[in-house]
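>>> What follows is a predicted structure for the sequence shown.
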2 protein chains.
Amino acid sequence: MKKVKVYVTLKESILDPQGSAVKGSLEKIGYGEVADVRIGKFLEVTIADTDRDIDTIVKEMCEKMLANTVIENYRYEIEEA
Amino acid sequence: MKKVKVYVTLKESILDPQGSAVKGSLEKIGYGEVADVRIGKFLEVTIADTDRDIDTIVKEMCEKMLANTVIENYRYEIEEA
């Protein structure tokens, strides 16, 4: 078994309205020092032992489904579970 | 300036229908080895220099707004930006 941690973030050039809303709300409740908030996804994917190359299938899953590579970047870490 | 990375995950005991849906879809497109998917949030919060203790304000922001501590866990890393 492998545990894969996938981090999906919006590309720098893409506006993040959800992040802006959270920043505005944090300011309102007294955290004016917050300069920026960007919100992404954090996925924990557990993968059973397989003959296929784990790195290849994780990359494929990210490209095909977990991230929208037009507007998002992704990175991942593979750990023994 | 500090860059804070906040990871918000559903507690173990809480069902994750979004994760289950992604798992099902991954199976359908040929990734039957996927045993589990859990989906959380990954926030990048940039904080301007302040006299307040950074660790304290990050913890407060997580408890008050960024995480719902009834159903979610959070952890964070503070980096110099």
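Yep, that arrived. Since we're looking at a predicted model, the values are computed, not measured.
>>> Centre-most residue in chain A?
With distances taken as Cα atoms, centre = their mean, A:Val8 lies nearest the centre of chain A, 2.0 Å away.
>>> Report the secondary structure state of that residue.
Per DSSP: H, G, I helix; E, B strand; the rest coil, the local secondary structure of A:Val8 is strand.
>>> Does it touch A:Ile71 like I think?
No - counting by Cβ atoms under 8 Å, A:Val8 sits too far from A:Ile71 to count as a contact (10.2 Å). Where you see a C-beta, it was placed from the backbone N, CA and C, and this is true even at glycine.
>>> Report the beta-bridge partners for the nearest residue to A:Glu80 once chain neighbours are set aside.
The shortest distance from A:Glu80 to any non-neighbouring residue, by Cβ to Cβ, 6 or more residues apart in numbering or on different chains, is to A:Lys2 (6.5 Å). Here A:Lys2 sits in beta bridges with A:Ile47, A:Glu80, as judged by DSSP bridges.
>>> need the residues of chain A near chain B, please.
Proximity of chain A to chain B (Cβ under 8 Å from any Cβ of the partner chain) is limited to residues A:1, A:7-9, A:19, A:22, A:25-26, A:29, A:31, A:33-50, A:52, A:57, A:60-61, A:64-66.
>>> Looking at those, which are in helices?
A:Gly19, A:Val22, A:Ser25, A:Leu26, A:Ile57, A:Glu60, A:Met61 (DSSP state H).
>>> for the residue of chain A most remote from its centre, phi and psi?
Ranked by distance from the centre of chain A (Cα atoms, centre = their mean), the top residue is A:Gly30, with 27.6 Å. Per-residue torsions, A:Gly30: phi 110, psi 10 (degrees, to the nearest 10).
>>> For A:Arg75, which non-adjacent residue is spatially closest?
Here the nearest residue to A:Arg75 in space, its sequence neighbours aside, is A:Tyr7; by Cβ to Cβ, 6+ apart that works out to 5.3 Å.
>>> can you pull the contacts of the one you found?
Listed by Cβ atoms under 8 Å, 6 or more residues apart in numbering or on different chains, the contact partners of A:Tyr7 are A:Gly40, A:Lys41, A:Phe42, A:Tyr74, A:Arg75, A:Tyr76, B:Phe42.
>>> No further queries at this time; thank you.
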